[in-house]
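# Sequence below, structure please.
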Amino acid sequence: MRQYLLLLGILVTTVWASPTPEFKFPVVSREGKNLVDPNSAWQIQSRISPQIDGQNIFSILHHPDGKSAIIGTTDFYIYRISLLDGSLIWKIQAKMYYQKEFDGPKIFDVSPDGKTFLSFGQTDPNEQNSERYLVIRSADNGSITKKFVPEFSFFYSITADIDYRFPGEETKQNRKTAGLSPNWILTIDNAKFIDAGKKILVSYKHFMDGPHFYDRRLVVYETTSGKKINEFQLTSDPESADWTQPAGFEIAHHQFPFQHVNKRNTIIYGNAHGRIHEINESVMVQNNNVPIVEEKTAGPILYTPLSSSDDLETKDRQTIRSVAITPDGKYLYCSAGIGGGYLQVYGFNLETKKEIFRSSFFDAGELVAPSNDILVIGGFYSSGKFFIVDTKKGILVFASDDEDNYINPHLFSVHPKQREVLALSTGNEVLILRPKGAVTPW
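Numbering: from 1, shown residues only. The predicted structure is shown next:
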């Protein structure tokens, strides 16, 4: 009897000591349909045909009023439309040189107060090799209210065969006359309002392909004055660096996902070698004060998502495609992989420093975490699908498997306040997705 009670006590203690999963992730099929929980399913509440002169949508973002959206189109116009019926509120031209077939003004972010939004301008709209720089536009009429100075490369490497730093005006003109490209030019990649809109966090990259693609930078500006406060240049951490390559990366860094964490007052970013770093103001200053990229600090490694595939020889080099942080700053989600279907979503507890889940393999691209229970996922490839996951229950609540609910995996917007997602479907049709029942906050 004593042995039985002792055994029972050990079993009970083991059950209580074993951590229960904080979050779960459903199995997502790479082919065929995915089952959605019917009781929790999100639905297409309405379909809108926006009045944008028949142009293709390049980017779309909610306005904080919840009643309108700002859209950039491939003919380089910006529109604000009503989400009630798609009617036009205003339209303005954002003239650019067409760099590629599918291009247009990107709407990076809308200020928390809804008065302004971030996009980009071009120093010479008639010249393809001219700089694209950050601009702030009015949400009332689309006009530019502030222009930021274009950024040039500071990339100085002992392993790169070219010095990409700005060579001065004389050399600039000589190269232009000789028909040589200005390899010091950076183009804006992404921008976010941080610190309740008082600051702007911006990422830059080289505008050309090739080894200079390793030059990626983060810059923090003061919103009102436009003053540069701090900056940080991407470099590989010593644990995974290959210093025969510029900045130490064996793989070109096609993505530079980052998020500002208000609760921690830090920036979390992912790199091409599958490392997620966390940096603060002092790390940024230290990085910026060192001229040679091989000697710059990459910041502490926060998390390294490991692949579950037996087909991969190196399991810790899953390029980070996207990073999302829950509003309370407790949980991190990332999508990572090598492509070819070897893409996964990972969950990580920022307080315990432990992985909370990893998904099966599927096309996992951009992630948005608007709440502690919902994760919105757009496919990495253009042929990918769109999913909404309840990470608390571990179920799919929306999957764009059917033609009737097709969603472009790269063009969607999460409402900043309420449970709603805008998504682009076929024929420039904008879908509004919500859970069943009354509209609820995040």
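
# all contacts plus neighbour counts: C-alpha atoms, from now on.
Noted.

# List the buried residues of stretch 224-244.
230-237, 241-243 (16 or more other CA atoms under 10 Å).

# since we're on D53, how many residues are nearby?
9 (other CA atoms under 10 Å).

# Now the terminal residues of stretch 283-296, how far apart.
10 Å (CA to CA, to the nearest Å).

# list the buried ones in that stretch?
In stretch 283-296, counting by 16+ other CA under 10 Å, buried: 283-284, 287-288, 293-296.

# gap between the residue nearest to V110 when sequence neighbours are not counted and G142?
In space, and not counting its chain neighbours, V110 is closest to F117: 4.1 Å by CA to CA, 6 or more residues apart in numbering. Per CA to CA, F117 is found 9 Å from G142.

# Mind checking which of these two has more residues around it?
F117 (25 against 21).

# all strands in the stretch 251-400 of the chain, in order from the N-terminus.
258-261, 266-270, 276-279, 301-303, 319-325, 331-339, 342-349, 354-358, 367-368, 374-378, 386-390, 395-399 (DSSP state E, counting those that start in this stretch).

# what's the closest of those strands to A252?
Taking CA to CA, strand 319-325 is the member of the strands of the stretch 251-400 of the chain nearest to A252, at 9.6 Å.

# other SSEs contacting the closest one?
If contacts are counted by 3 or more CA pairs under 8 Å, 6 or more residues apart in numbering; DSSP states H and E, strand 319-325 sits against strand 258-261, strand 266-270, strand 331-339, strand 367-368.

# remind me which residues of the stretch 1-150 of the chain are low pLDDT?
Along the stretch 1-150 of the chain, the model assigns pLDDT under 70 to residues 1-21, 98-101, 129.

# can you pull out the helices in it?
For the stretch 1-150 of the chain, helices defined by DSSP state H, counting those that start in this stretch occupy the ranges 2-17.

# Include distance to A336 when you put the buried residues of stretch 224-244 into a markdown table, please.
Conversion of the buried residues of stretch 224-244 to a markdown table gives the following (distance: CA to CA, whole Å):
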| residue | distance to A336 |
| --- | --- |
| N230 | 28 |
| E231 | 25 |
| F232 | 22 |
| Q233 | 21 |
| L234 | 18 |
| T235 | 18 |
| S236 | 17 |
| D237 | 18 |
| A241 | 18 |
| D242 | 20 |
| W243 | 23 |
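
# can you redo the residues you listed as a markdown table with distance to K436, pLDDT and secondary structure?
Shown next, in a markdown table, are the buried residues of stretch 224-244 (distance: CA to CA, whole Å; pLDDT from 0 to 100; DSSP: H, G, I helix; E, B strand; the rest coil):
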| residue | distance to K436 | pLDDT | secondary structure |
| --- | --- | --- | --- |
| N230 | 45 | 97 | strand |
| E231 | 44 | 97 | strand |
| F232 | 44 | 97 | strand |
| Q233 | 45 | 96 | strand |
| L234 | 43 | 95 | coil |
| T235 | 46 | 95 | coil |
| S236 | 46 | 94 | coil |
| D237 | 46 | 94 | coil |
| A241 | 49 | 94 | coil |
| D242 | 51 | 92 | coil |
| W243 | 54 | 91 | coil |
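
# Spatially, which two of the residues you listed are the most separated?
N230 and D242 (27.1 Å).

# Let's see which of the buried residues of stretch 283-296 end up in helices.
283-284, 287-288 (DSSP state H).

# Let me know the closest of these to V220.
M284 (10.0 Å).

# E170: what secondary structure?
Here E170 is helix, with the state taken from DSSP: H, G, I helix; E, B strand; the rest coil.

# any idea how far K176 is from it?
From E170 to K176 the distance is 10 Å (CA to CA).

# Who has more neighbours out of those two?
A count of neighbours by other CA under 10 Å puts K176 above the other of E170 and K176, at 13 against 9.

# Retrieve the pLDDT associated with the closest residue in space to the more buried one that isn't next to it in sequence.
In this structure, K176 finds its nearest non-sequential neighbour in P182, 7.4 Å apart by CA to CA, 6+ apart. For P182, the model assigns a pLDDT of 84.

# Just give me the neighbour total for P182.
Using other CA under 10 Å: P182 sits among 21 other residues.

# so it is in which element?
P182 belongs to no helix or strand when assigned by DSSP states H and E.

# thinking again about what came up before, pick out the shakiest of the helices and strands packed on strand 319-325, pLDDT-wise.
strand 331-339 (a mean of 93).

# quick one: that one to strand 319-325, angle?
160 degrees (axes from the mean of the first three to the mean of the last three CA atoms, to 10 degrees).

# I'd say D124 and Y133 touch.
No: the pair D124 and Y133 does not pass the contact test of CA atoms under 8 Å, sitting 11.0 Å apart.

# out of the two, which sits in the more crowded spot?
Y133 (20 against 14).

# Next one: that one from F232, what distance?
Y133 is 17 Å from F232, where distance means CA to CA.

# S371 too?
Look at S371 and F232: by CA to CA, they are 29 Å apart.

# what do you get for D373?
From D373 to F232 the distance is 32 Å (CA to CA).

# likewise S308?
Distance of S308 to F232, computed by CA to CA: 32 Å.

# tally of neighbours for D65?
12.

# which residues does the closest residue to it other than its chain neighbours contact?
Distances taken as CA to CA, 6+ apart put G114 closest to D65, at 7.2 Å, once the chain neighbours are dropped. Counting by CA atoms under 8 Å, 6 or more residues apart in numbering, G114 touches 63-65, 139.
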